[in-house]
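# Using only what follows, build the 3D model:
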Amino acid sequence: MFAEIINTISDLLYSYILIILLLGAGIWFSIRTRFVQFRMFIESLRVVAQPGSDKNGLSSFQALMVSTASRVGTGNIAGISTAICLGGPGAVFWMWLTALLGSASAFIESTLAQIYKHKAEDGSSYGGPAYYIQAALKKHWIGVLFAVTLILTYMGGFNLVASFNIADSFRAYSFFDPKNTPLAVGVVLALIFAAAIFGGSRQISKITGVLVPVMGIFYLAASLFIVVTHYQAIPQMFADIFGNAFDLQAIFGGFAGSCVMHGIKRGLFSNEAGVGSAPNAAASAAVSHPVKQGLVQMLSVFIDTILICSATAFMLLCSGVAPGADLAGMPWVQAAASNSLGGFGTIFITIALCLFAFTTLIGNFYYAEMGLKFLCGRKPGKALINAFRVIAALIVLAGATMEFGLVWNMADVLMGLMALINLPVILILGGPAIRAMKDYMKQKKEGKDPVFRARDIELRDKTDFWN
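Numbering: from 1, shown residues only. Coordinates of the predicted model:
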């Protein structure tokens, strides 16, 4: 009964409410920013390469890697397989549209996080939606609600999915035992995860700074190899994506299972644009102007969806292995890789998923820890933070032993609740971020490396960094 309730809520959220809110917010911010995601794309690449302006904070690159670690994960592999198997190849188009429009929302929310970030005792910065809600809206209870939902979504829902998919990837091997293998994988994974998170947020940024670029490059290379060796299938692949995306009879004949819903749902799960997660990492960056981090997080959406999710989709659709509901998730990905690369393909995909999912686990916990610190006034007791970390490890263990449908739907519902809080907030508070963008562009035209001051955009709210 619990699974049925979660499934019903998920269908309601993604069939009506979130589609309107996500696409509406993306279109609104794209227009208000004059399509910043295209106009300032090259500038975002330049900003990522800049060192941090303060040794106590993360650099733009480190903040990008933390947020990308959370974004780039099981959604980029198993999630894309699930979307196509259940919704058809047209889901890829709707995933792209969600990312391209959503990157404008990502720009706004991360710029706001920088504007309203707080100064820690060691001089570093912290912040996120809970903080800009409190600072600008003066509604502490909404900040508390967001922080609680953040913890439930990232430490709970998303980490259950990541753990489940790692365990599920071993189903392709002869030694897999449905009773014992998931439990064994869960125990090992929980222990490794615990060792990483007890090192703290700086340890997390170091781990993700190494693993994310390395695994991303290898995965893209393998996907490109499979696509190139099946080049004759490329024209049909694009015909299937665009033909299915606009098959109105298929879409409206059963919207809850259509390519539109699955594309938007899996696109949002993967890139998290507008959900309110990445601003927690964005606020930790030491930059001279808030817009710099807005541009960096906009770039993270591009890396996640347009590069890595597309690589998975192209690899699957060119592989020669037909999708089906029974192959949703890791089975189709492993079958596609095996068909092209032999036994090595299955092993490679398993290793890739484990690395993607592991960085997702620790990136997600970083966000959950930010939520806990907000609830405790930045000073959770040592016993509390240790108990929190132990609970997080136990959730990872539990996820490995759960069922496919339940873990995905729980994650979708919790993520949807976060978006329902954050998107209306940034629609209300978007003004300062847009004025900051105009200030940034003005200084760039004057040949300056932009430096932000709150009074330059007539910001009346008190800030810790920009006065």
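
# residue contacts, the nearest residue to Ala136 once chain neighbours are set aside?
Excluding the flanking residues, the one nearest Ala136 by C-beta to C-beta, 6 or more residues apart in numbering is Leu429, at 5.1 Å. (Glycine included, C-beta is placed from N, CA and C.) Contact analysis of Leu429 by C-beta atoms under 8 Å, 6 or more residues apart in numbering lists 112, 132, 136-137.

# Going along the chain, name the strands of the stretch 1-150 of the chain.
Ranges of strands in the stretch 1-150 of the chain, per DSSP state E, counting those that start in this stretch, are 118-119, 125-126.

# May I see those arranged in CSV, with distance to Ile9 as well?
As requested, the strands of the stretch 1-150 of the chain are exported to CSV (distance: least, C-beta to C-beta, whole Å):
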stretch, distance to Ile9
strand 118-119, 34
strand 125-126, 32
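
# need these in JSON lines with mean neighbour count, can you?
As requested, the strands of the stretch 1-150 of the chain are arranged in JSON lines below (neighbours: other C-beta atoms under 10 Å):
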{"stretch": "strand 118-119", "mean neighbour count": "16"}
{"stretch": "strand 125-126", "mean neighbour count": "21"}
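
# CSV for those strands, including distance to Tyr367 and mean pLDDT?
As requested, these are arranged in CSV below (distance: least, C-beta to C-beta, whole Å; pLDDT from 0 to 100):
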stretch, distance to Tyr367, mean pLDDT
strand 118-119, 16, 88
strand 125-126, 12, 87
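
# for those, which one sits closest to Ala278?
strand 125-126 (14.0 Å; C-beta to C-beta).

# Neighbouring strands - and their directions - for that closest one?
strand 118-119 (antiparallel) (DSSP bridges).

# List the contacts of the strand it pairs with.
125-127, 131, 283, 378, 464-465.

# from the residues you listed, which has minimum pLDDT?
Minimum pLDDT for these is recorded at Arg378 (73).

# In three-state terms, label that one for me.
The local conformation at Arg378, judged by DSSP: H, G, I helix; E, B strand; the rest coil, is coil.

# related to what we said a few turns ago, for Val425, find the nearest of the strands of the stretch 1-150 of the chain.
Across the strands of the stretch 1-150 of the chain, closest to Val425 is strand 118-119 (C-beta to C-beta), at 17.4 Å.

# ok, back up a step: what about burial for the contacts of Leu429, which qualify?
Buried subset of those (neighbour count, 16 or more other C-beta atoms under 10 Å): 112, 132, 136.

# neighbours of Gly343, just the number please.
Residues near Gly343, counting by other C-beta atoms under 10 Å, number 9.

# separation between the closest residue to Tyr116 other than its chain neighbours and Ala282?
Excluding its sequence neighbours, the residue lying closest to Tyr116 (C-beta to C-beta, 6+ apart) is Tyr132, at 4.0 Å. The gap separating Tyr132 from Ala282 is 11 Å, by C-beta to C-beta, to the nearest Å.

# what do the two both touch?
Common neighbours of Tyr132 and Ala282 (C-beta under 8 Å, 6+ apart) are Ala113.

# one step back: got TSV for the contacts of Leu429, with pLDDT and distance to Thr312 too?
Formatted as TSV, the contacts of Leu429 follow (pLDDT from 0 to 100; distance: C-beta to C-beta, whole Å):
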residue	pLDDT	distance to Thr312
Leu112	95	31
Tyr132	92	33
Ala136	88	38
Leu137	88	38
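
# Looking at the residues you listed, spot the one nearest Lys448.
For the contacts of Leu429, the nearest to Lys448 is Leu112 (22.7 Å; C-beta to C-beta).

# do you know how far that closest one is from Thr463?
11 Å.

# Next one, pLDDT for Leu211 please.
The model reports Leu211 with a pLDDT of 67.

# thinking again about what came up before, out of the contacts of strand 118-119, what pair is the most spread apart?
Arg378 and Phe465 (15.8 Å).

# Contact partners for the nearest residue to Gly405 once chain neighbours are set aside?
With sequence-adjacent residues excluded and distances taken as C-beta to C-beta, 6+ apart, Gly405 is closest to Ala3, at 6.5 Å. Neighbour list for Ala3: 403, 405-406, 409 [criterion: C-beta under 8 Å, 6+ apart].
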